[in-house]
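Novice: The following block contains a protein sequence and its predicted model.
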Amino acid sequence: MSTIGYKDWAVDLAEVGAIYPFQGWEVAMTVVGVLFWLGWHRIQFVRENEHLEKARKMGDPEKVKSALERY
Amino acid sequence: MDGNLNALTTVFTEFYYWVTVVFMFLIHVGFCMYEVGASRRRNHMHTLMKNIMIIPLVTVTFFFFGWWIYWAFPMFPFFGGLDHEAASANLPWSENMATNLGDRITGVFWAAFLLFSWTAASIVSGSVIERIRSSALWVHAVLIGSVFWIIDAAWGWHYGGWMVQYLGYHDAYASGVIHAIAGGYALGVIMVLGPRIGKFAEDGTPRDIPPHNPWLLTIGIFLIYTGFWGFYAACNVPAISPEAIGGQITGETWTATNIYLAPTSLSAITFNFLMSLSGGLMAAYVVSKGDAFWTFSGGLAGVITASAGNDLYHPIQAMIIAAIGVVLVYKLHYWVERKFKLDDAVGAVAVHGYAGFIGLVISGFVLWGAPSSPYEGYAAINPVGQFIGAIIMFFVLGFLPGYTVARMQSAAGVLRIPEEVELQGLDYAEHHAYEDAKADIIAADKAALQAKST
């Protein structure tokens, strides 16, 4: 058993193509990868929303003024 | 160099390694910037000097004995004696270790390994800032950079190393042989060294000690990424024929190989470097809730986690493995900090040590059964071999020597700076002299101006 399809390197490299593990599962891996990416956006949207809601109530007028002055 | 093809291959290989060495210099520049940015203003010059002097100290010791260890130790001491035949050409008095038109490769190959040595030492340097004596750190730098990491390289990062032959150990881009060992070593040192004053409240709650210059940290870590890319290329043999490898590969197709002379390609590792960097950044952003420094460090930890198998992984595997590693590393860092009251100033133990360890273990499963070498009779890659390898890297060659030497230094009173100096700042004397010199020259200028106007 070898996850990359080769148990040794007694081969002619001219006849070798893919050597990554779990060949045949590319579509499934892509689905997992895309879910990871979309999930990241979902989490980030929710978290930023919460953060901005909290942040809008935090401002001390004096500090805001000095931040504007500081540019 | 007989024949045009041989000449071209030799000169190409020589130039290839030379370019990687220049790229890898950026790792050290990045570490310096990161450490200085993370330290407080009163400790800048000391922090910078501590890391800069790693360069000459590790370089000369790596020339004197480090490089010899790599060639002498592949089977020593458990499965054979020292390999004097291979090692003799790498002694400091050998003709190969000098200007020699008959050997155009040893110098650049030595330098590539040397830059890995600086990195190993520099990883330890980051975790101990603002309270270790430079003298103590520089001894550790020589030990990790020119002794312990290169022993692990001989055992597990050499085509004939015993770990490769008997355990099927596979660590193509050094999750273990650089990062796990250096993180383990740093852990051993900080356990003895203790935290910075103020790091923990009286009830044991850890305090964040913010960096004085976030931008310096940011540029520093981006430079480390850039240098790390060069490091990846340096871990490969760029072009070699099956005949020159001399293993089981048949036919006449040339290939790039990893350090074990097993086939891979520059294209493969470019895919995987970028996808593992991305997986690490994305996971670190989520798990740290958008903390800038953990996110940037998470990119690095992601690459380190995937590095053991990045010569063979599919890019999506590299991305997912990096993400898994980063989540575990982040959680472990804070658990260890709270539980054992350890002050790892830049998160080096986590980003390098834990990520390297986890990366080795994961690769044992994902690459299970793949050949570890192009030579006959070697064990295949397997989970048990990778786990034992991770223990050897992190604990046996990393943690144990770091802890033991730090204990000796502590007993001799030469490990930690005095409390008064820690509070006033390591640069206090230099600052004082600088301010005095400034006041002196301003007074002189004013006197000259007044004399001219009267």
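Specialist: Yes, it's here.
Novice: CA only for contacts and neighbour counts going forward, please
Specialist: Fine.
Novice: With adjacent residues omitted, what lies nearest to residue B:179?
Specialist: Across the structure, with Cα to Cα, 6 or more residues apart in numbering or on different chains as the measure, the residue nearest residue B:179 apart from its sequence neighbours is residue B:352 (4.6 Å).
Novice: my read: that neighbour touches residue B:301, true?
Specialist: Yes - with the criterion set as Cα atoms under 8 Å, residue B:352 and residue B:301 qualify as a contacting pair; they are 6.5 Å apart.
Novice: which of the two has more neighbours?
Specialist: When neighbours are counted by other Cα atoms under 10 Å in any protein chain shown, residue B:352 and residue B:301 differ, and residue B:301 comes out ahead with 37 against 30.
Novice: Output the contacting helices and strands for the helix or strand containing the more buried one.
Specialist: When secondary structure is defined using DSSP states H and E, the element that contains residue B:301 is helix B:292-307. Packed against helix B:292-307, as judged by 3 or more Cα pairs under 8 Å, 6 or more residues apart in numbering or on different chains; DSSP states H and E, are the following elements: helix B:214-234, helix B:266-287, helix B:315-340, helix B:355-366.
Novice: secondary structure class for the closest residue to chain A within the stretch 251-400 of chain B?
Specialist: In the stretch 251-400 of chain B, the residue found nearest to chain A is residue B:369; the distance is 3.9 Å by Cα to the nearest Cα. Here residue B:369 is recorded as coil under DSSP: H, G, I helix; E, B strand; the rest coil.
Novice: State the phi and psi torsions of it.
Specialist: As for residue B:369, its main-chain torsions (degrees, to the nearest 10) stand at phi 90, psi -10.
Novice: For it, which non-adjacent residue is closest in space?
Specialist: residue A:2 (3.9 Å).
Novice: How about the contacts made by the one you found?
Specialist: Neighbour list for residue A:2: B:367-370 [criterion: Cα atoms under 8 Å, 6 or more residues apart in numbering or on different chains].
Novice: okay, the angle between the helix or strand hosting residue B:182 and helix B:355-366?
Specialist: Taking DSSP H and E as the definition, one finds residue B:182 inside helix B:181-193. Relative orientation of helix B:181-193 and helix B:355-366, computed by axes from the mean of the first three to the mean of the last three Cα atoms, to 10 degrees: 140 degrees.
Novice: so what secondary structure elements neighbour helix B:181-193?
Specialist: helix B:106-127, helix B:400-411.
Novice: Longest helix in the chain, please.
Specialist: Assuming you mean chain A. helix A:26-55 (DSSP state H).
Novice: Chain B was what I was after
Specialist: Every helix in chain B considered (DSSP H), the longest is helix B:4-38.
Novice: For the very next helix or strand once past that helix, C-alpha coordinates in PDB please.
Specialist: Following helix B:4-38 in sequence order, the next helix or strand is helix B:44-52 (DSSP H and E). Taking C-alpha atoms only, helix B:44-52 is exported to PDB below (Å, rounded to 0.1, in the frame of the first residue of the first chain):
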ATOM      1  CA  HIS B  44      16.800  47.400  20.900                       C
ATOM      2  CA  MET B  45      20.500  47.400  20.300                       C
ATOM      3  CA  HIS B  46      21.100  44.500  22.600                       C
ATOM      4  CA  THR B  47      18.400  42.500  20.900                       C
ATOM      5  CA  LEU B  48      19.800  43.300  17.500                       C
ATOM      6  CA  MET B  49      23.400  42.500  18.400                       C
ATOM      7  CA  LYS B  50      22.400  39.300  20.000                       C
ATOM      8  CA  ASN B  51      20.900  38.000  16.700                       C
ATOM      9  CA  ILE B  52      23.500  39.600  14.400                       C
END
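Novice: Serialize the helices and strands packed on helix B:292-307 to a markdown table and add fields for mean neighbour count.
Specialist: As requested, the helices and strands packed on helix B:292-307 are exported to a markdown table (neighbours: other Cα atoms under 10 Å in any protein chain shown):
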| stretch | mean neighbour count |
| --- | --- |
| helix B:214-234 | 21 |
| helix B:266-287 | 23 |
| helix B:315-340 | 21 |
| helix B:355-366 | 27 |
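Novice: so can I have TSV of those helices showing mean pLDDT?
Specialist: Supplementary listing: the helices and strands packed on helix B:292-307 in TSV, determined by pLDDT from 0 to 100:
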stretch	mean pLDDT
helix B:214-234	97
helix B:266-287	98
helix B:315-340	97
helix B:355-366	98
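Novice: now do the same end-to-end measure for stretch A:7-17.
Specialist: Taking Cα to Cα, to the nearest Å as the measure, stretch A:7-17 stretches 15 Å from start to finish.
Novice: Just confirm yes or no for that stretch near chain B.
Specialist: Yes - applying Cα under 8 Å from any Cα of the partner chain, one finds that stretch A:7-17 is in contact with chain B at A:7-14.
Novice: for the record, mean pLDDT for that stretch?
Specialist: Stretch A:7-17 shows an average pLDDT of 97 in the prediction.
Novice: chain center to it: distance?
Specialist: With Cα atoms, centre = their mean, to the nearest Å as the basis, the distance from the averaged C-alpha position of stretch A:7-17 to the chain average is 33 Å.
Novice: hmm, who's touching that stretch?
Specialist: Applying Cα under 8 Å, 6+ apart, the contact partners of stretch A:7-17 are A:1, B:248-253, B:262, B:369-371, B:373-376, B:380.
Novice: what's the answer for stretch B:377-393, then?
Specialist: Outside stretch B:377-393, the residues that reach it (Cα under 8 Å, 6+ apart) are A:7, B:152, B:156, B:163-170, B:176-177, B:180-181, B:184, B:356-357, B:360-365, B:367-372, B:398.
Novice: Just the mean pLDDT for it, thanks.
Specialist: The predicted model assigns stretch B:377-393 a mean pLDDT of 98.
Novice: Against which helices or strands is the longest helix of chain A packed?
Specialist: helix B:266-287, helix B:315-340.
Novice: export these to a markdown table and tack on distance to residue B:18?
Specialist: Below are the helices and strands packed on helix A:26-55 laid out as a markdown table (distance: least, Cα to Cα, whole Å):
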| stretch | distance to residue B:18 |
| --- | --- |
| helix B:266-287 | 16 |
| helix B:315-340 | 28 |
